[in-house]
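Asker: What follows is a predicted protein model with its sequence.
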Amino acid sequence: MFRIIKKSLSTGVVTGHYPAVKSPSEPVSREAIEKAKPFRRSLTIREVDTGSCNACEMEMNALTNSIYDVERFGVHIAASPRHTDALVVTGPVTVNMERALKDVYKQTADPKIVIALGDCAINCGVFKGSYAVTGPVERHIPVDVRIAGCPPRPAEILAVLDMLRGARTEADK
């Protein structure tokens, strides 16, 4: 046991060092910020996987761990689309999930915000041209916010959610 402790103390931190996350300049439009005004204090989101590789879902799950703790910022993840303010859609829309995505969109109360998370949701990513893919999310439902990356890091997702909540918007200054 002491050998392991000694080795870990001499090795130090071995995790990756990432550059500081810059505030994204383009993913949140003025219309999306105006739409999100009623949700300034809290935002309830529902994640919908429409056929992805699950990398974006893992990054969304990382938002709830003790490092990022998205709940402290007033962002909650709900199980029912009827109780949500925003839909976070990951992956390209597949043939099997097209109807389900449209149903979830209809069940979400107005005003609703749709967030396309990851390159696959924005432009089909590596799945482009597949026989099982019917297109990106924007082809099926209107998208308000796009978060690029394959997959985007949790800090980038959190920065965009903060912008939506109005924590760091240029319009409020």
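Answerer: On my side now, so go ahead. Residues are numbered from 1 along each chain as shown.

Asker: State the pLDDT value of the residue lying closest to residue 132 once chain neighbours are set aside.
Answerer: Excluding the flanking residues, the one nearest residue 132 by C-beta to C-beta, 6 or more residues apart in numbering is residue 94, at 5.1 Å. The way it works is simple: take the backbone N, C-alpha and C, and place the C-beta from them, glycine included. Per-residue pLDDT puts residue 94 at 91.

Asker: Which strand residues bridge residue 94?
Answerer: Counting by DSSP bridges, residue 94 is bridged to residue 133.

Asker: the longest strand in this protein is where?
Answerer: strand 43-49 (DSSP state E).

Asker: I'd like the next helix or strand past that one.
Answerer: Downstream of strand 43-49, the first helix or strand assigned by DSSP states H and E is helix 55-62.

Asker: If you count contacts, what does that following helix end up packed against?
Answerer: strand 43-49, strand 86-90, helix 154-165 (3 or more C-beta pairs under 8 Å, 6 or more residues apart in numbering; DSSP states H and E).

Asker: most tightly surrounded among these?
Answerer: Greatest average neighbour count among the helices and strands packed on helix 55-62 goes to strand 86-90 (a mean of 26), per mean count of other C-beta atoms under 10 Å.

Asker: quick one: contacts of that strand?
Answerer: Contact with strand 86-90 is made by 36, 39, 43-50, 52, 56-57, 60, 81, 101, 104-105, 108, 112-118, 120-121, 137, 141, 143, 164, as judged by C-beta atoms under 8 Å, 6 or more residues apart in numbering.
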